[in-house]
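Asker: Model the following, please.
(one chain, ligands or ions: 1)
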Amino acid sequence: MSKKILANDGISPSGIKALEEAGFEVITTTVAQEQLVDFINGNEVVALLVRSATQVRKELIDSCPGLKLIGRGGVGMDNIDVTYAKDKGIHVINTPASSSESVAELVFAHLFGGVRFLYDANRNMPLEGDKNFKALKKNYGKGTELRGKTLGVLGFGRIGQATAKIALGIGMKVIYHDPFLEQATLSLSFYDDRTLDFAFTSISKEELLQSADFITLHVPAQKDYVIGKKELEIVKNGVGLVNAARGGVIDEVALIAAIDKGKVAFAGLDVFESEPSPEIQILMHPKISLSPHIGAATGEAQDRIGTELAEQIKSLLH
Ligand SMILES: NC(=O)c1ccc[n+]([C@@H]2O[C@H](COP(=O)([O-])OP(=O)(O)OC[C@H]3O[C@@H](n4cnc5c(N)ncnc54)[C@H](O)[C@@H]3O)[C@@H](O)[C@H]2O)c1
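Answerer: Residues are numbered from 1 along each chain as shown. Presented below is the predicted three-dimensional model:
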């Protein structure tokens, strides 16, 4: 009998195919949290795959002795008691590399939209585009280009570097601050297989804040704000800020105050302090470009997540 895998928050068709070819049976039913234990035990599930919705806590781990592997399609494992599971001899895996390019492209969606006020034009064109075209044209008529400007990247890991590569590709200067990565070389690959290397050295956070025209955050969840009131006082006037990392790395109250003062020109947010119910002041703000935590939500990233999980499961459970 083939070993059963429950992909409770879904898995891409390519992931299912890879697992089925390796002889596993993949169940894609979404089982309600309170019925999970019975389902896993009743069906002799050996691997539980989740994204961010399903909670895999101590109680579930204790109640499912047949479980050999827990897999998170994506990066953050806040919904899994990782250490506890590992202590019990269960494999716990994730797919840290698969979504970097998708998150980086979303950052640029916010940046390109930000410098041309698209987030606000898209709110007002449906309401008054027919009657007030000329006034809207004037309102959104003072755009800027990204080319030639400086992008400051806070946190130069996988996503920070993927974002920096796009910036380099469109002619931006890149600076970064990362206390755990003194130097980095990025290799830019072009469609015709040519590559070009760029070398970087981390600069201090203060220097970055003072010299970047745009700042994007790519740090893991932290105890303290990475951008708070103090930091927003020293940024360049008219800076654009993007947070597609984790809610809580930017102080949203200080951010709104800085936007209202004109210190920050606009912000792009994919993640929120009070997710999944972001503050109304954030949602309604005319100078904030919004997306509902969709950084990794592309077909390509989900495909890579599926196949990356399948590769790891094949080698761990055979
Ligand atoms: N928006 C989305 O849908 C989405 C999707 C995937 C990941 N993420 C988030 O993106 C963030 C980055 O992910 P990653 O894969 O690049 O992680 P990573 O571990 O590859 O990189 C994080 C980098 O931040 C650095 N760092 C840590 N503390 C720092 C600090 N205080 N200041 C500056 N740098 C610091 C680390 O040294 C590391 O190089 C994470 O918070 C992750 O949860 C968001």
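Asker: can you give me the strands for the stretch 51-200 of the chain?
Answerer: Ranges of strands in the stretch 51-200 of the chain, per DSSP state E, counting those that start in this stretch, are 69-72, 91-94, 150-154, 173-177, 183-189, 195-201.
Asker: Okay, now the sheet partners of the third one, with direction.
Answerer: Strand pairing for strand 150-154, determined by DSSP bridges: strand 173-177 (parallel), strand 214-217 (parallel).
Asker: after the shortest one, next one along is what?
Answerer: Translated: strand 214-217. Counting by DSSP states H and E, the next helix or strand C-terminal to strand 214-217 is helix 229-234.
Asker: Assumed Q281 was part of a helix.
Answerer: Yes: assigned with DSSP: H, G, I helix; E, B strand; the rest coil, Q281 falls within a helix.
Asker: That one against L255, yeah?
Answerer: No: when contacts are counted by C-beta atoms under 8 Å, Q281 is not listed as touching L255 (10.0 Å). For the C-beta atoms, the positions are set from N, CA and C on the backbone; glycine is no exception.
Asker: which other residues reach the one helix or strand A301 maps to?
Answerer: Secondary structure from DSSP H and E places A301 in helix 299-316. Under the contact criterion C-beta atoms under 8 Å, 6 or more residues apart in numbering, helix 299-316 has outside partners 5, 11-16, 18-19, 22, 24, 47, 49, 68-69, 71, 73-74, 91, 93, 95, 97-99, 101-102, 296.
Asker: Buried ones among those?
Answerer: 5, 11-12, 14-16, 18-19, 22, 24, 47, 49, 68-69, 71, 73-74, 91, 93, 95, 98-99, 101-102, 296 (16 or more other C-beta atoms under 10 Å).
Asker: ok so, going back, any chance of a markdown table for the strands paired with strand 150-154, columns mean neighbour count, mean pLDDT and distance to the ligand?
Answerer: Output for the strands paired with strand 150-154, formatted as a markdown table (neighbours: other C-beta atoms under 10 Å; pLDDT from 0 to 100; distance: least, C-beta to the nearest ligand atom, whole Å):
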| stretch | mean neighbour count | mean pLDDT | distance to the ligand |
| --- | --- | --- | --- |
| strand 173-177 | 20 | 98 | 5 |
| strand 214-217 | 26 | 99 | 8 |
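Asker: Just give the closest residue to I61, not the sequence neighbours.
Answerer: Spatial nearest neighbour of I61, excluding adjacent residues (C-beta to C-beta, 6 or more residues apart in numbering): A85 at 5.3 Å.
Asker: Is that neighbour in contact with R72, as I believe?
Answerer: No: look at A85 against R72 with C-beta under 8 Å: they stay out of range, at 11.1 Å.
Asker: between these two, which one's more packed in?
Answerer: Between A85 and R72, counting by other C-beta atoms under 10 Å, R72 is the more crowded of the two (26 against 22).
Asker: what sits against that one?
Answerer: Contacts of R72 (C-beta under 8 Å, 6+ apart): 49-51, 79-80, 92-95.
Asker: give me the low-pLDDT residue ranges for the stretch 51-200 of the chain?
Answerer: Under the criterion of pLDDT under 70, none of the stretch 51-200 of the chain is flagged as low confidence.
Asker: tell me which parts of it are close to the ligand?
Answerer: Contact residues (C-beta under 6 Å from any ligand atom) of the stretch 51-200 of the chain with the ligand: 75-76, 96, 99, 103, 154-160, 177-181.
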